[in-house]
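*Asks:* Predicted structure and sequence below. I'll ask about it afterward.
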Amino acid sequence: MTLPTLNKRPKNRQKIAIDIDDVLADNATGFVNFSNKTWGTTLQPEDYHEHWMELWNVDLVEAERRAIILTNASIFKNYTHDEAALPVLKRLSADYDLCIVTSRREHTRDDTLAWIHQHYEGLFNDETIHYAGIWDKGITLSGLSLTKADVIAQLDADYLIDDQLKHCEGVAQTGRKALLFGNYKWNQVDELPSGVTRVNDWAAVEEHFYGK
């Protein structure tokens, strides 16, 4: 994935990259509600994880078929947003450059942008929302191991806030800092990798950057 050349920012102004799903948006609830209604599953939000084949107990072909149905249904437009994020992001935007890096498929761009404008107006625009491209070729076993680290490096971001441990760990391995967002069932680990700090909510994000 090739990103456009970015303007140099002042050396004292750092950049924070932020995930959308289960960081800004309640993806797990929206996902399982759609799945239960459409395919008769009995999932709970805490059951969610991104290994959809395992989650649904289906093969690659069926998982991809369902993924296409799900993303074409524009369910993202109706996701609940985290109201605690907005005041923290506004404060951060005064001192940091903010951008979004999402694993959503590229064809969800219009729905994603509309949702961001509705709930986080003035903080992001199309040029600051970046798609990692992990799932744009469909669900594959190799895709499960891909991270956002390369995109974060191209953006020259200093921090990533993400609910997926693999993305945080991948970014930390490049010497950048990662905040593992939320205390979710899918991101539990006995010991966090070096360079990764857990933040349970947006109050903890604010405390991380500004102290109590």
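*Replies:* Okay, I see it. Numbers count the residues shown, from 1 in each chain.
*Asks:* Return the distance of the residue nearest to residue 44 when sequence neighbours are not counted relative to residue 42.
*Replies:* Nearest residue to residue 44, sequence neighbours excluded (CB to CB, 6 or more residues apart in numbering): residue 32, at 6.4 Å. C-beta: built from backbone N, CA, C; applies to glycine. Using CB to CB, to the nearest Å, residue 32 is found at 9 Å from residue 42.
*Asks:* wait, what's in contact with the nearest residue to residue 195 once chain neighbours are set aside?
*Replies:* Leaving out its chain neighbours, the residue that sits closest to residue 195 by CB to CB, 6+ apart is residue 172, at 3.1 Å. Neighbouring residues of residue 172 by CB atoms under 8 Å, 6 or more residues apart in numbering: 178, 193, 194, 195, 196.
*Asks:* which one of residue 32 and residue 42 has more residues nearby?
*Replies:* residue 32 (19 against 8; other CB atoms under 10 Å).
*Asks:* give me the element the more buried one is part of.
*Replies:* Using DSSP states H and E, residue 32 falls within helix 27-39.
*Asks:* pLDDT (mean, whole number) over that helix?
*Replies:* Helix 27-39 shows an average pLDDT of 97 in the prediction.
*Asks:* What subset of the contacts of residue 172 is buried?
*Replies:* 178, 196 (16 or more other CB atoms under 10 Å).
*Asks:* Just to be sure, which of the contacts of residue 172 are found in strands?
*Replies:* 178, 196 (DSSP state E).
*Asks:* which pair in the contacts of residue 172 spans the largest distance?
*Replies:* 178 and 194 (10.2 Å; CB to CB).
*Asks:* Can you tell me what sits against the helix holding residue 32?
*Replies:* With CB under 8 Å, 6+ apart as the criterion, helix 27-39 contacts 20-22, 41-48, 56, 66, 69-70, 73, 75-76, 78-80, 184.
*Asks:* tally of neighbours for residue 49?
*Replies:* Neighbour tally, residue 49, other CB under 10 Å: 14.
*Asks:* One more: the one 4 residues further on?
*Replies:* Residue 53 is surrounded by 17 other residues when neighbours are defined as other CB under 10 Å.
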